[in-house]
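J.: Predicted model follows, preceded by the sequence.
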Amino acid sequence: MNGSVGPMRVLVTGGSGLVGRAIERVVKEEGGGREGETWIFLSSKDANLMSAEETRAVFQKHRPTHVIHLAAMVGGLFRNMRQNLDFWRNNVHINDNVLQAAHEFGVVKVVSCLSTCIFPDKTTYPIDETMVNTHTHRHIHTHTYTCTHTHTTYFQQYGQRYTAVIPTNVFGPHDNYNIEDGHVLPGLIHKTYLAKKEGKPLQVWGSGRALRQFIYSLDLARLFLWVLREYDEVEPIILSVGEEDELSIKFAADAVVEALGFEGEVIYDTSKADGQFKKTANNAKLRKYLPDFKFTPFRAAIKETCDWFVANYDSARK
Ligand code: NDP
């Protein structure tokens, strides 16, 4: 449902981040972009989207027909626990400014990005899309609830098809490899890299037993293009590998250790939090639309990511 007259002008907010860079690669290097289309990848240097004025100015400048909205204050479990209020407030401002500017400038379609952190700890598994709007939302990460609700409201009030995707844990090149503030996989990759370099044991935070579904940023990027071009619902869609591909942190750590060729001792520090034990997401809706989509095998994706990190160590975000 491109819906617009003429070729798409796609504005990607958060275009310099993990997911944004993967979309850029798929569009520019894998033939994901089509002739006549314009793709604009924004970073915070182009506009601070916490400011309504700067947001409007950047929409005025580029006049997009479509928006992929990725910009957000992002961080792993430990940063989230420390700075919950900041996260919430900043992301509320960013989402409100982007959706309002998209509305004002007549953007045909917006695809935003939510997170499975929105689902409450005490829920039934697997999670599916219908649970975003259940009564449990009072316990949900409020920012995302607000965001989902806002999409539906734009549809109800203006008929605009603003939708959202919900990826599980994303990893890949250009991630934030900061050990304190990043997500579990990039943190593990960086720690393993340092442990190898310094000849020290690798300390993994938590018991290693928590379970997660990981999606490679390049796979997510390919799915994003499909959502932008084909997915016609306002309701969000979970973009994830299947339940059968849920892995323990220990399994993931083993894959990183193997990819980086680390031969030292691996210690699980159980004094550190595991986070939710599992957050199993159901990808049946995605599979209904795309039964044949092939996810990159986990170990191959980890290998590519580790190789990228080693090759780009000096410039990587960390
Ligand atoms: P990154 O942290 O890699 O990138 C964040 C992006 O947002 C960067 O481009 C950054 O710009 C931009 N940004 C941050 N603050 C502002 C601001 N005030 N104004 C303008 N731009 C800003 O994030 P990811 O790519 O990992 O995540 C993208 C989206 O996906 C987010 O909405 C996130 O919540 C969601 N998501 C991510 C998951 C994950 O595991 N990573 C899982 C599920 C959902 P700059 O580079 O200039 O700082």
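T.: Good, I have the coordinates. Fair warning: this is a prediction, and the values are worked out from it, not measured in the lab.

J.: By proximity to the ligand, which residue of the chain wins?
T.: residue 17 (2.1 Å; CB to the nearest ligand atom). From N, CA and C alone the C-beta is placed, and that goes for glycine too.

J.: That residue and residue 105: what is the separation?
T.: For residue 17, the distance to residue 105 (CB to CB, to the nearest Å) stands at 23 Å.

J.: More neighbours: the two, which one.
T.: The residue with more neighbours, out of residue 17 and residue 105, is residue 17; 24 against 16, by other CB atoms under 10 Å.

J.: Not counting residues beside it along the chain, what's closest to the more buried one?
T.: residue 70 (6.1 Å; CB to CB, 6 or more residues apart in numbering).

J.: Quick one: name the residues of the stretch 1-150 of the chain near the ligand.
T.: 14-20, 43-45, 47-50, 70-74, 94, 113, 115 (CB under 6 Å from any ligand atom).

J.: List the buried residues of stretch 32-40.
T.: Buried positions in stretch 32-40, judged by neighbour count with 16 or more other CB atoms under 10 Å: 32-33, 39-40.

J.: Dump those residues to CSV, plus pLDDT and secondary structure.
T.: Shown next, in CSV, are the buried residues of stretch 32-40 (pLDDT from 0 to 100; DSSP: H, G, I helix; E, B strand; the rest coil):
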residue, pLDDT, secondary structure
32, 92, coil
33, 92, coil
39, 98, strand
40, 98, strand
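
J.: So which of those is the closest to residue 63?
T.: residue 40 (9.9 Å; CB to CB).

J.: Surely the closest one touches residue 8?
T.: No: using CB atoms under 8 Å, residue 40 is not in contact with residue 8, being 10.9 Å away.

J.: wait, isn't residue 68 in contact with residue 221?
T.: No: assessed by CB under 8 Å, residue 68 is found out of contact with residue 221, at 9.8 Å.

J.: These two: which has the busier surroundings?
T.: residue 68 (28 against 24).

J.: Can you get me a residue count around the residue nearest to residue 17?
T.: Neighbour count of residue 70, defined by other CB under 10 Å: 23.

J.: Output the top helix by length along the chain as CSV - backbone C-alpha positions only.
T.: Ranked by residue count under DSSP state H, the longest helix found in the chain is helix 84-104. Listed next in CSV are the C-alpha coordinates belonging to helix 84-104 (Å, rounded to 0.1, in the frame of the first residue of the first chain):
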residue,chain,number,x,y,z
ASN,A,84,13.6,4.6,33.4
LEU,A,85,12.1,8.0,33.7
ASP,A,86,14.5,9.6,31.2
PHE,A,87,13.8,6.9,28.7
TRP,A,88,10.1,7.2,29.0
ARG,A,89,9.9,11.0,28.8
ASN,A,90,12.4,11.4,25.9
ASN,A,91,10.8,8.7,23.8
VAL,A,92,7.3,10.0,24.4
HIS,A,93,8.4,13.4,23.1
ILE,A,94,10.2,11.9,20.1
ASN,A,95,7.2,9.7,19.1
ASP,A,96,4.7,12.5,19.6
ASN,A,97,6.8,14.9,17.5
VAL,A,98,7.4,12.4,14.7
LEU,A,99,3.8,11.2,14.4
GLN,A,100,2.4,14.7,14.6
ALA,A,101,4.8,16.0,11.9
ALA,A,102,4.0,13.0,9.7
HIS,A,103,0.3,13.9,10.1
GLU,A,104,0.8,17.6,9.3
